[in-house]
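Engineer: have a look at this prediction, sequence included:
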Amino acid sequence: MSRKTCRNCLLPREVPGSDIDASGLCAPCREYARADHSSEEAQRKRREADLEAALGGCRGQGEYDVLVNLSGGKDSCYLLYKLAHEYGMKILAFTTDMNVPAIAWDNIKRTVDKLNVDHLVHTPDQPFYRKLYSYLLQHQEERGAVRTVCYVCAPLFEGYALKAATEKRIPLVVAGYSPGQPDPDRMVYEFSPAMIASTDWTPPEVRASGLFSDAELDLFWNPMRYPKGAHFPRYLAPFHAWPYSQAEIMKKVVHLGLTASSKAASPVHSNCPLNWLLMYSDLQHLHYNPYIPEFAKLIREGKASRAEWRVGIPVANAMIRTRTFMGRNVTSSLKWLGLNTSDLKITRTAMPTPLRGDAAARPVPTGVAED
């Protein structure tokens, strides 16, 4: 029998396409070792040049230069710091307060206070979210709970940011997505202008369910609701362009006082509480933690600590399965949604991935060439 996880990146054998060989290496690691990465670095530098041009070009157009999504995680806090401290930009920090955990709220308050930036908090309707999450968890697609729920929830949060930026005439929205977030089929560095300016983001499965009112469906981003000729912001992920190290950012946010401790900087503690229930469901149905492929990619590319996640992943999975410590969020989320574990079901095949938001789907601005 092959190893349970890749000896290099920790990818579990249960992940489709892992194909761990006799030497203990997974297929993505073997492919990564064979590949010529010079073109990837060249592409990153072209994105970095485009990012610098975008940050320079958005200055002075209005009250704010840029809207920064601030979730309270290490990446969004550090992104806000870089743009405020290193770039001196006029920033509106934007938080969607759905179920932000206390430790992330502390990170948000520390960061906003330290950097003295304006902060807008959007608090959506909780009954709608309970209904949405409950429906999605009982009608998961074959890729599991995280894929089903997060790829409906994230577009809602992204849409709120787009609405705020559009209404306030802010030319640029940025998010602290690390490389590999979200799914590369959905976004690499930038949501395409076509996706923002001409695409209704309402998930077809949510609309087709018949459970949601027109007012609830209108919460999703839909540019057709704006007058013809409306100007929409660009939406970028700077950590797809800048050199990225998860371990270094975790150290920096503690050193800078943006978080109280390394514990507060860890995604294990600052993440959405509902995620623990999603991971519980995926461990039951898929037999692996759905976030491990993302961390494995970062480990493979030298952007995250293998030693840290070699310990952290089994500990997190144990908490989830036993519903202890942070895993108690599994029980509290079930109670909040009025569900039992038997309600967590995969009932659908995979949905098509939305329009990819990379440079291939847009004209390359500022004369920067892309692959």
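Structural biologist: Done, it's in.
Engineer: shaky segments in the chain?
Structural biologist: Low-confidence segments of the chain (pLDDT under 70): 1-2, 351-371.
Engineer: in it, where's the longest helix?
Structural biologist: Among the elements of type helix in the chain, defined by DSSP state H, the one spanning the most residues is helix 145-167.
Engineer: name the residues of it that are buried.
Structural biologist: The neighbour-count check on helix 145-167 (16 or more other CB atoms under 10 Å) flags 145-162, 164-166 as buried. Bear in mind the C-beta positions are built from the backbone N, C-alpha and C, glycine included.
Engineer: list the contacts for residue 339?
Structural biologist: Neighbouring residues of residue 339 by CB atoms under 8 Å, 6 or more residues apart in numbering: 134, 137, 138.
Engineer: among these, which are in helices?
Structural biologist: Per DSSP H, these map to helices at 134, 137, 138.
Engineer: how about the last one: what's its closest non-neighbour residue?
Structural biologist: Translated: residue 138. Residue nearest to residue 138 in three dimensions, not counting chain neighbours: residue 343, with 5.3 Å by CB to CB, 6 or more residues apart in numbering.
Engineer: from residue 16, how far off is that neighbour?
Structural biologist: From residue 343 across to residue 16, the span is 25 Å (CB to CB, to the nearest Å).
Engineer: the two: which is more packed in?
Structural biologist: residue 343 (13 against 9; other CB atoms under 10 Å).
Engineer: and the contacts of stretch 275-283?
Structural biologist: By CB under 8 Å, 6+ apart, stretch 275-283 touches 137, 140, 144-146, 149-150, 288-291, 316-317, 320-321, 323, 326-327, 329-330, 333-334, 337, 341, 344.
Engineer: in PyMOL, how would I select the buried members of those residues?
Structural biologist: Taking 16+ other CB under 10 Å as the burial criterion, the selection of buried members of the contacts of stretch 275-283 in PyMOL is written as:
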select buried, resi 137+140+144+145+146+149+150+288+289+290+291+316+317+320+323+326+327+329+330+333+334+337+344
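Engineer: can you flag which of the contacts of stretch 275-283 belong to strands?
Structural biologist: residue 140 (DSSP state E).
Engineer: next step: the contacts of stretch 275-283 restricted to helices.
Structural biologist: Among the contacts of stretch 275-283, the members falling in helices (DSSP H) are 137, 145-146, 149-150, 316-317, 320-321, 329-330, 333-334, 337.
Engineer: turn the residues you listed into JSON lines, columns for distance to residue 225.
Structural biologist: Below are the ones in helices among the contacts of stretch 275-283 laid out as JSON lines (distance: CB to CB, whole Å):
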{"residue": "137", "distance to residue 225": "29"}
{"residue": "145", "distance to residue 225": "30"}
{"residue": "146", "distance to residue 225": "29"}
{"residue": "149", "distance to residue 225": "25"}
{"residue": "150", "distance to residue 225": "24"}
{"residue": "316", "distance to residue 225": "40"}
{"residue": "317", "distance to residue 225": "43"}
{"residue": "320", "distance to residue 225": "39"}
{"residue": "321", "distance to residue 225": "44"}
{"residue": "329", "distance to residue 225": "35"}
{"residue": "330", "distance to residue 225": "37"}
{"residue": "333", "distance to residue 225": "32"}
{"residue": "334", "distance to residue 225": "35"}
{"residue": "337", "distance to residue 225": "30"}
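Engineer: between those residues, which is closest to residue 186?
Structural biologist: residue 150 (10.8 Å; CB to CB).
Engineer: now that closest one: closest residue in space, sequence neighbours ignored.
Structural biologist: Leaving aside its chain neighbours, residue 150 sits nearest to residue 278 (7.2 Å; criterion: CB to CB, 6+ apart).
Engineer: what helix or strand is that neighbour on?
Structural biologist: helix 274-285 (DSSP states H and E).
Engineer: between that helix and helix 328-337, how many degrees?
Structural biologist: Interaxial angle of helix 274-285 relative to helix 328-337 (axes from the mean of the first three to the mean of the last three CA atoms, to 10 degrees): 100 degrees.
Engineer: next one: the helix or strand just after helix 274-285 to chain centre, how far?
Structural biologist: Once the chain leaves helix 274-285, the next helix or strand it forms, by DSSP H and E, is helix 292-300. When C-alpha coordinates are averaged (CA atoms, centre = their mean, to the nearest Å), helix 292-300 and its chain have centres 14 Å apart.
Engineer: give me the contact list for helix 292-300.
Structural biologist: Contacts for helix 292-300 (CB under 8 Å, 6+ apart): 6, 8-12, 15, 26, 28-29, 32, 178-181, 246, 304-306, 309, 313.
Engineer: hmm, 7 Å instead?
Structural biologist: Outside helix 292-300, the residues that touch it by CB atoms under 7 Å, 6 or more residues apart in numbering are 8-12, 15, 28-29, 32, 179-181, 246, 304, 306, 309, 313.
Engineer: next, the buried residues of that helix.
Structural biologist: 292, 293, 294, 295, 296, 297, 298, 299, 300.
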